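[1] Show me how the following folds:
(one chain, ligands or ions: 1)
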Amino acid sequence: MPLAPATPTGHDELAELVHGRCDAPFLDQLRSALSADDASITPDPAGRGDHVRRRLHGLAVGLPTARELLRTPERLAALHAWTAVAEPALCMTAVNHYLLCLGSMAQLAPDHEALKDQFTALESGRAKGAYLITEVGRANSHLATRTLAEFDPDTREFVLHTPDPGAAKFSGVGALGLPQTAVALARLVVAGTDHGVFGFVVDLGDEHGLLPGVEVSSVLELGALPLDYAQVRFHHVRLPFERWLRDSAGIRDDGAFHDPLGSTDLRLRRTLCVGQTLWGALPAAAAALARQSAVLALRYARGRRSQGRLAPGAPLLTYRTQQYAVLGAFADAFALTCAADRARAAWAACLAPGAEGDGGADGMAFGPWAAVSRPLAGYKAHTVRAAARIVADCRSHCGFSGHLDVNRLAAYQGFLDAFDTAGGDSRLIFFDLGRARCEEAEPDHPDAPPADPEPGPGWWPAVARAHERRLAALLRRRAGGPGHDDLGTWNPLLAQAGELGEVHAARLAADDVRDTVAAVRDPALRDLLGALATLHGLRDAQRWAGSLLTAGTLQPQQVRALPPHVDRLCDALLPRLPLLEQAFAYPQRIVRAPLGAADYNHALADSLSWSHGGRT
Ligand SMILES: Cc1cc2nc3c(=O)[nH]c(=O)nc-3n(C[C@H](O)[C@H](O)[C@H](O)COP(=O)(O)OP(=O)(O)OC[C@H]3O[C@@H](n4cnc5c(N)ncnc54)[C@H](O)[C@@H]3O)c2cc1C
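    Purely as a prediction, here's the structure:
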């Protein structure tokens, strides 16, 4: 089935899909803010703090203010996508600075004017923002914060304190001599009573060093995503009243605390509302890294001639296994792009006045994340994990070159692997999603599995939905029906709960791909993206084959029928790769990887300095 070339309107529509409907002038601003830097892509640890400060400052002066960006999800998502591709560690810094620190301040400070100095320093890029939630001594620390903020009724200040070394926080704050402001999560205590976890704005240090009462450890090296990570402790740091991100809560003049939310779990959920911001933007970064990795793998496989005896001199891309990797990466990256777009839209919906949370306060068994927003936590966990797999596959199909730092794939993978843990542990999110899914009332006779795969964009979403229902019914039976909340019930079922959570999130993404393709206006582009979506679905079915066969969602003969369909789609898509490559690729002066150059061997050799022997 030959695919017709897309028309010029199809090209425009594809670009719009890829860049999440972000306006062109903002993308131009991003391009110049990120190309302005000619520093090494892996800065020396000694100069890393200055490097990060300079790049963050470049973003601050080149782009609208953080609070403007926080009101335009498509721009903030693009900012994180582009910084991830340019420099993953810069993206991690932006996540802390824009999404979590400034995001908390913007959403939870009732009076921005009272925090004017902090907003100005952070928004101008003079200070770097951090977010301190994790406590180093215990697992699941996010459910039981131990850092204290005690209210002093005489001065109406708060006293921020780390009760013991296990309650120390952790973030990329180890570069001293750099103005840094953090939002630190602490348990509010008023007149000896615990009122739940709130954010507090605390200055960690300025140009001269750390501020009194702040203690920061030496740097903990993390090669996969290099930043100046360090532990932080507070020793009775006094904070003025306005540093309390109190949202709708308050303390009256007589010292009486009030909170309309009425429970510490609901307050924790609200304090973590920046999770929606993070999980609305992070999928865009994951999708961008997957797309750029697909482009790098394509350029390598197309340009590199294999000396295999069956066809000496043939490009690597001639070979089926390279096609599966490269075209599969394009298909899966397209799927992530659709999911990222829906995540961004779900986040935008959360910003609408009067929007309700979509988490369910009872969903905090393993972590607080799914209670903040089930769909967005699911999008985060799914897109980051899927992108890590795509990048790893691209990397392994680029040989030695895939391992070179200069070619960026290792850094992309480091970022994605780190975010499986960071930003809400994905494993815990899947556990909570699986448990929540199992509690939903649903007929206990799941859909019949679809018949033989008739390749089309609707096949995989139908299979995934049937599979999700089967797994949910199975888990519900094993858990003895809804309402069993004890460790004895869930401990033997954790792996199944995680599997159900993962399939649930994969199904959300599968629906997004199908719906995105159906809404494409240009017919030739719709056919092309339909083929890409189908290839993605067949690959996901192959990836999940063990689970699908075990649950009886697919039969062995159905799984055996998949490879010929995959081959046919590869043949149809190969001639259309240039259009996809053009749409998916980020500018080479942002990526700065020789692997992305038209002639890789020359580009790599030119990027090196050479020493010459001999005495002349
Ligand atoms: C690169 C990087 C940067 C980070 N930056 C920041 C930052 O800036 N600020 C910040 O506050 N935090 C930061 N974090 C910390 C991050 O949020 C935490 O690492 C993460 O939430 C996991 O917590 P933990 O490390 O305590 O793991 P643990 O809670 O100790 O979990 C360890 C393992 O056990 C599993 N596990 C935990 N509990 C259970 C359970 N009940 N049942 C079954 N399995 C369980 C987890 O899934 C995980 O695999 C960063 C992490 C990374 C990797």
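[2] Next one: A392 from G414, what distance?
    Look at A392 and G414: by Cβ to Cβ, to the nearest Å, they are 11 Å apart. Bear in mind the C-beta positions are built from the backbone N, C-alpha and C, glycine included.
[3] quick one: which of those two has more around it?
    Remark: of A392 and G414, G414 carries more neighbours, 21 against 17, as counted by other Cβ atoms under 10 Å.
[4] Leaving out sequence neighbours, find the closest residue to that one.
    In space, G414 comes closest to A224 once its chain neighbours are excluded; the distance is 3.2 Å by Cβ to Cβ, 6 or more residues apart in numbering.
[5] ditto for A182
    A182's closest residue in space is A130 (Cβ to Cβ, 6+ apart), at 4.1 Å.
[6] ok, the one you found - contacts?
    By Cβ atoms under 8 Å, 6 or more residues apart in numbering, the contact set of A130 is N96, H97, C101, S171, G172, V173, Q180, T181, A182, V183, L204.
[7] Can I have the buried ones of the residues you listed as a ChimeraX selection?
    Restricted to buried positions by 16 or more other Cβ atoms under 10 Å, the ChimeraX selection for the contacts of A130 reads:
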select :96,97,101,171,172,173,180,181,182,183,204
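[8] Would you format the contacts of A130 as JSON lines with secondary structure, pLDDT and distance to the ligand included?
    Listed next are the contacts of A130 as JSON lines, based on DSSP: H, G, I helix; E, B strand; the rest coil; pLDDT from 0 to 100; distance: Cβ to the nearest ligand atom, whole Å:
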{"residue": "N96", "secondary structure": "helix", "pLDDT": "98", "distance to the ligand": "5"}
{"residue": "H97", "secondary structure": "helix", "pLDDT": "98", "distance to the ligand": "10"}
{"residue": "C101", "secondary structure": "helix", "pLDDT": "98", "distance to the ligand": "10"}
{"residue": "S171", "secondary structure": "strand", "pLDDT": "97", "distance to the ligand": "3"}
{"residue": "G172", "secondary structure": "coil", "pLDDT": "96", "distance to the ligand": "6"}
{"residue": "V173", "secondary structure": "coil", "pLDDT": "95", "distance to the ligand": "8"}
{"residue": "Q180", "secondary structure": "strand", "pLDDT": "97", "distance to the ligand": "12"}
{"residue": "T181", "secondary structure": "strand", "pLDDT": "98", "distance to the ligand": "13"}
{"residue": "A182", "secondary structure": "strand", "pLDDT": "98", "distance to the ligand": "9"}
{"residue": "V183", "secondary structure": "strand", "pLDDT": "98", "distance to the ligand": "10"}
{"residue": "L204", "secondary structure": "strand", "pLDDT": "98", "distance to the ligand": "12"}
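[9] Could you dump the contacts of A130 into CSV and include distance to A386?
    Output for these, formatted as CSV (distance: Cβ to Cβ, whole Å):
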residue, distance to A386
N96, 23
H97, 26
C101, 28
S171, 26
G172, 25
V173, 30
Q180, 33
T181, 34
A182, 31
V183, 29
L204, 35
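[10] which among the contacts of A130 gets closest to G399?
    G172 (32.2 Å; Cβ to Cβ).
[11] Now the closest one. Nearest residue, chain neighbours left out?
    Using Cβ to Cβ, 6+ apart, the nearest residue to G172 is L227, at 3.8 Å.
[12] Look at the one you found and give its secondary structure.
    Per DSSP: H, G, I helix; E, B strand; the rest coil, the local secondary structure of L227 is coil.
[13] same check, this time on the one 3 residues further on
    Going by three-state DSSP, the secondary structure assigned to A230 is strand.
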